[in-house]
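Asker: Next come a sequence and a model predicted from it.
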Amino acid sequence: MTDRPTIEDLLAPVAVIPVLTIEDISDAVPLARALVAGGLNVLEVTLRTAAALAAVETMAGALPEAVVGVGTLTRPEEIVAALSAGARYAVSPGFDPDLVAAATRAGLPYLPGVATASEVQRAQRLGLGTLKFFPAEPAGGIAALKAFAGPFPDLRFCPTGGIDQSNAADYLALDNVVCVGGSWPAPADLLASGNWQAIEERARAAAALAARR
Ligand code: 3PG
């Protein structure tokens, strides 16, 4: 038994999940502080760098008000590592029933990715109700999500990939979109230069999109 929230519980209050790729562990806490100060408190740290799990641990420890999860999860063993680091949820770019089973066994709220109707069908058969739609823009964007609403009226999506401040509101206006993800609040150049003020301002603008849902 677990008293962990579901992925739906975690995403319900959120409009934008910043997708973070952290190269330097010393960036983790100032980055998280800037995002939370701007109003984004559900954070996704991609497992693409050597510093990722340590970043999750230090962010979760320093900012209890943040909900820190991992992204780019592609192997079942990463679920255990993510949980040990203090991750509250996990996200994958693609759909893999073995990962769904591993996340369920571990009790970790999980958002797998889909890009096609076939993947949505398989996810639906496993009982999943909320999915990442990735890569959103190349995979058909808003038109694809509108098309999914016909055959899959009960499914909800978090589109990610090619979304930024200019098009996020259009996605959030769709009934089957719960939130969007993207790297635009904390892009690599602002991270590299340690421009926390600019990241906080981007986070504030992104958080304001909640009103557009
Ligand atoms: C990713 O996996 O990199 C995310 O989907 C972010 O995509 P973006 O950089 O296009 O926002």
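Answerer: Great, that's in hand. Residues are numbered from 1 along each chain as shown.

Asker: For burial, what's the neighbour tally of residue 188?
Answerer: Close neighbours of residue 188, defined as other CB atoms under 10 Å, add up to 10. For glycine as for every other residue, the C-beta is placed from the backbone atoms N, C-alpha and C.

Asker: Residue 33 is in contact with residue 63, isn't it?
Answerer: Yes: Residue 33 lies in contact with residue 63 (CB atoms under 8 Å); the separation is 6.7 Å.

Asker: joint contacts of the two?
Answerer: Contact criterion CB atoms under 8 Å, 6 or more residues apart in numbering; residues shared by residue 33 and residue 63: none found.

Asker: Double-check that residue 157 belongs to a strand.
Answerer: Yes: assigned with DSSP: H, G, I helix; E, B strand; the rest coil, residue 157 falls within a strand.

Asker: got the contact list for it?
Answerer: Residue 157 touches 130, 131, 132, 133, 145, 148, 176, 177, 178, counting by CB under 8 Å, 6+ apart.

Asker: can I assume residue 43 sits in a helix?
Answerer: No: counting by three-state DSSP, residue 43 falls outside a helix, being strand.

Asker: in the chain, which spans are helices?
Answerer: 7-11, 28-38, 52-62, 77-85, 97-106, 117-125, 141-148, 168-172, 188-192, 196-207 (DSSP state H).

Asker: So which of those is nearest residue 154?
Answerer: helix 117-125 (8.0 Å; CB to CB).

Asker: what residues does the closest one touch?
Answerer: Contacts for helix 117-125 (CB under 8 Å, 6+ apart): 94, 95, 97, 100, 112, 114, 131, 148, 151, 152, 154, 155.

Asker: Could you measure from the closest residue to the third one other than its chain neighbours over to residue 181?
Answerer: I take that to be residue 97. Computed as CB to CB, 6 or more residues apart in numbering, the closest residue to residue 97 that is not its neighbour in sequence is residue 126, at 6.4 Å. In this view, residue 126 and residue 181 are 21 Å apart by CB to CB, to the nearest Å.

Asker: Compare neighbour counts for these two and give me the winner.
Answerer: residue 181 (26 against 12).

Asker: Kindly state the beta-bridge partners for the more buried one.
Answerer: Beta-bridge pairing for residue 181 (DSSP bridges): residue 17, residue 160.

Asker: which residues does it contact?
Answerer: Applying CB under 8 Å, 6+ apart, the residues near residue 181 are 16, 17, 18, 19, 44, 71, 91, 132, 158, 159, 160, 163.

Asker: Over to residue 74?
Answerer: 47, 92, 93, 94, 96, 99.

Asker: quick one on the thing from earlier: settle this for me: the residue nearest to residue 97 is touching residue 100, isn't it.
Answerer: Yes: applying CB under 8 Å, one finds residue 126 in contact with residue 100, separated by 5.5 Å.

Asker: Drop anything exposed from the contacts of helix 117-125.
Answerer: Burial of these was assessed by neighbour count (16 or more other CB atoms under 10 Å); the buried members are 95, 100, 112, 114, 131, 148, 152, 155.
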